[in-house]
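[1] what's the 3D shape of this:
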Amino acid sequence: MTIAASVAFVVTWSSGFLVPAIAAVEVPPLTLLVWRFVPLAAILLAIVLFTGAARGVTRRDLARQAVIGLFAQFGYCTAVYMAIASGVATGTTALIDAVQPLVVAALVGPLLGLRVRAAQWAGLLLGAVGVLLVVRSQLEGSAAHPIAYLWPALAMASLIVATFLQRRSEPRTSTLVTLTIHVTVTAAALVPVAAVFGALAPPASASFWIAAGFAAVFPTLAAYGLYWWLLRRVGITALNALLFLIAPTTALAGALLLGEPLTVLTVLGFALCAGGVAAVLVSETRAVHNSSESSGDSRSGALGAVSRAFIEEL
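    The predicted structure follows:
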């Protein structure tokens, strides 16, 4: 189930880069974002109220998840859409976002008190090289203004902040409630921003509503739901290793759907990304196994505690 969820996560998250490139050609990106989130927020709120899934959620939990949602969805999605609307290629946007695992690995020790093992560093660096090769051809001849590349960097920073806020807190809300809060605060933030820029009114075309519905179901509902579920299931390092696969997947889809270049370097990059992900996941699995064998050893420290929690969740 975890493997299937990981594959689905990579595919659905990658689709989030392609939707604005395909659909936001004739409409402002803010318009597509608003109507991606507002109807979904209404549906999720209705489901939560009907099922009583939010029973027991405190104001503190609500406030914490609202802040995380502003970074994880409002900040991240707005920056990605603005990057692509500014002419940054989908694969290049995914590339800059894919640097996130290296930043997270560098910060995971000081901020969370965990140790990143040498094998994990090697895997993350190998994956980074693979990502660079995958999108290298897209960096050449780009028509985007250099300042536009700050948008994907901002998207990366927003998701990093959200991830660490989530990991530093003790999650007491279910995935459904967490996603509902995130989508709702994002919709509430997008509406006034879009109104100020005159991008609130949606077009009447069927293609727009198909794109908005697709973006609501896959990059939002499925991808974000899987992101938070996998974060609890496999941990922050393994999840960020999976993020390395987003860029090559996006580049492959961009080649098929948008005519973006697909070269020998791209194929080599795919192989390096796969190798990097495998190295991190194997290291994580061995750490869990070793920790389970020495669970009584008080010297296991923070890493052992996290590994035992990982085993208990499985």
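[2] Which element is encountered next along the chain beyond the stretch of helix or strand Ala63 belongs to?
    Taking DSSP states H and E as the criterion, Ala63 maps to helix 59-69. Remark: after helix 59-69, the chain's next helix or strand is helix 76-85, criterion DSSP H and E.
[3] So what touches that following helix?
    16-17, 20-21, 24, 28-30, 32-33, 36, 90, 93, 97, 148-149, 151-152, 154-155, 158-159, 162, 186, 190 (CB atoms under 8 Å, 6 or more residues apart in numbering). Using the backbone N, CA and C atoms, a C-beta is placed for each residue, glycine as well.
[4] What ranges in the protein fall below the confidence cut-off?
    Within the chain, the stretches with pLDDT under 70 are 24-25, 101-102, 104-116, 135-143, 170-171, 261, 281, 284-285, 287-289, 291-314.
[5] Report all helices and strands that the helix of greatest length in it contacts.
    Counting residues, the longest helix found in the chain (DSSP state H) is helix 264-293. Counting contacts by 3 or more CB pairs under 8 Å, 6 or more residues apart in numbering; DSSP states H and E, helix 264-293 packs against helix 118-134, helix 136-139, helix 236-243, helix 246-258, helix 301-313.
[6] With adjacent residues omitted, what lies nearest to Tyr76?
    Closest residue to Tyr76 apart from its sequence neighbours, by CB to CB, 6 or more residues apart in numbering: Ser158 at 4.5 Å.
[7] Isn't that neighbour up against Val67?
    No: counting by CB atoms under 8 Å, Val67 is not a contact partner of Ser158; they are 11.7 Å apart.
[8] mind checking how far stretch 22-29 is from the chain centre?
    With CA atoms, centre = their mean, to the nearest Å as the basis, stretch 22-29 stands 21 Å off its chain's centre.
[9] Between Ser158 and Val67, which has more neighbouring residues?
    Ser158 (22 against 16; other CB atoms under 10 Å).
[10] Look at that one and tell me its secondary structure.
    Recorded secondary structure, Ser158: helix (DSSP: H, G, I helix; E, B strand; the rest coil).
[11] Distance check, it against Gly75.
    3 Å (CB to CB, to the nearest Å).
[12] just Val282 next, same as before
    33 Å.
[13] cool, and Trp209?
    Counting by CB to CB - Trp209 and Gly75 are separated by 25 Å.
[14] When those two are compared, which one has more neighbours?
    Gly75 (20 against 14).
[15] mind listing what the more buried one touches?
    154-155, 158-159, 161-162.
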